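Chemist: Predicted structure and sequence below. I'll ask about it afterward.
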Amino acid sequence: MATFSIQDEDLAVLKGKVIVITGGSSGIGLATTKLLLSLGAAVISGDVIPSPLEDSTLSFVKTDVSQWADLVALFKHANDLHGRIDHVFANAGINNRANYVEDRFDDSGNLLEPSFQTLDINLRGAMNTSYLGMHYMRKQQPAGGSIVITASASSFQRFRIVDYVTAKHGVLGFMRGLVPAIKAAGQPIRVNSLAPDWTATSIIPQSMIDLLGDSVQGPEVVAKAAAVCMADESRQGQLIYTKGGAHRDVEESILMEAAKDIIGRGLEGDDATVEAFLKKLAAEIETQNE
């Protein structure tokens, strides 16, 4: 699990690229927007609060990622303005809203359903943002681009914030499903995710940041990980864990390797089994049509 650093020259290829970011007005999204603008990229930022930045290559669209119509408007604006979309950063997120270890009742004494707001924003919003991005990347000429999704270090560990960790596990699962699906479809689109360790954003209470002290990294560190996933065309299906300025892919080098050990080295995984079945089914259909 070798760590890597990110140099400014690694990101230079992003100059002139068109990039859509959700949650771009604060935290990791804002830091990434600043970085991309400094590199000469055009950024279209979607958020529920206005961007604090002013730049001739920055465009802001008020966007609630839990609302499909808002996301459609964001991407339409980006495409109408620039004619293409090169990269998408599905970053918008909130902290927990549900409590699964305490009971809440309405005025009639009926048990209330837990809130799904965190899942709607952190998972469904990220999925819909990615889907819209891929829609435009498929139809533009030349086709292609990349998607970066904000997951979390809690995507692969136990963490007591139930709805938040469920959403972030879901982001990792979404990426794992997309990568072989995109490959099978022959589409020139890359999908990667970020797994930041403790990062100073509005999601974490200031009292927690104060308690953790120097172990909390600034959002600008994670912004570089987001940018390198866009810039480096060799990156596909990676989960970049970022802590203290060091970055490492934990998906290919650790998590997938562990899966191979569990399944058995040399044995076919589930996706290979599905691929073999589909090939056999296609051959049978072709034989029947002869």
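Modeler: Arrived safely, thanks for sending. Numbering: from 1, shown residues only.
Chemist: mind checking pLDDT for residue 266?
Modeler: Residue 266 carries a pLDDT score of 65 in this model.
Chemist: now do residue 124
Modeler: 98.
Chemist: State the number of residues packed around it.
Modeler: Using other Cβ atoms under 10 Å, residue 124 has 16 other residues around it. Bear in mind the C-beta positions are built from the backbone N, C-alpha and C, glycine included.
Chemist: which residues touch it?
Modeler: Counting by Cβ atoms under 8 Å, 6 or more residues apart in numbering, residue 124 makes contact with residue 66.
Chemist: likewise the one 10 residues further on?
Modeler: If you count contacts by Cβ under 8 Å, 6+ apart, residue 134 has them with 145, 147, 182, 187, 189.
Chemist: pretty sure it belongs to a helix, no?
Modeler: Yes: judged by DSSP: H, G, I helix; E, B strand; the rest coil, residue 134 forms part of a helix.
Chemist: Quick check on the contacts of residue 134: which are buried?
Modeler: 145, 147, 182, 189 (16 or more other Cβ atoms under 10 Å).
Chemist: now, which of those lie within strands?
Modeler: The members of these that map onto strands under DSSP state E are 145, 147, 189.
Chemist: Would you check how far apart the closest residue to the first one other than its chain neighbours and residue 237 are?
Modeler: Same thing as residue 145. With sequence-adjacent residues excluded and distances taken as Cβ to Cβ, 6 or more residues apart in numbering, residue 145 is closest to residue 137, at 3.9 Å. With distances taken as Cβ to Cβ, to the nearest Å, residue 137 is found 16 Å from residue 237.
Chemist: returning to that earlier point: neighbours of the residue nearest to residue 145, how many?
Modeler: Residue 137: 23 surrounding residues under other Cβ under 10 Å.
Chemist: check which helix or strand covers it.
Modeler: helix 125-139 (DSSP states H and E).
Chemist: hmm, back to that, for the buried ones among the contacts of residue 134, could you give me JSON lines that also reports pLDDT and distance to residue 171?
Modeler: Below are those laid out as JSON lines (pLDDT from 0 to 100; distance: Cβ to Cβ, whole Å):
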{"residue": "145", "pLDDT": "98", "distance to residue 171": "19"}
{"residue": "147", "pLDDT": "98", "distance to residue 171": "11"}
{"residue": "182", "pLDDT": "96", "distance to residue 171": "16"}
{"residue": "189", "pLDDT": "98", "distance to residue 171": "17"}
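Chemist: Tell me the one of these nearest residue 14?
Modeler: Set against residue 14, the nearest of the buried ones among the contacts of residue 134 by Cβ to Cβ is residue 145 (12.1 Å).
Chemist: What is the nearest of the buried ones among the contacts of residue 134 to residue 166?
Modeler: residue 147 (20.9 Å).
Chemist: What residues are bridge-paired with the closest one?
Modeler: Per DSSP bridges, the residues bridged to residue 147 are residue 88, residue 191.
Chemist: I'd guessed it sits against residue 194; true?
Modeler: No: under the criterion of Cβ atoms under 8 Å, residue 147 is not in contact with residue 194, lying 11.5 Å apart.
Chemist: Dihedrals phi and psi, residue 250?
Modeler: Dihedral angles of residue 250 (phi, psi; degrees, to the nearest 10) stand at phi -100, psi -10.
Chemist: mind checking the SS state of the nearest residue to it once chain neighbours are set aside?
Modeler: Leaving aside its sequence neighbours, residue 250 sits nearest to residue 241 (Cβ to Cβ, 6+ apart; 4.8 Å). Three-state call for residue 241 (three-state DSSP): strand.
Chemist: for residue 241, what are its contacts?
Modeler: By Cβ under 8 Å, 6+ apart, residue 241 lies in contact with 153, 195-197, 247-250.
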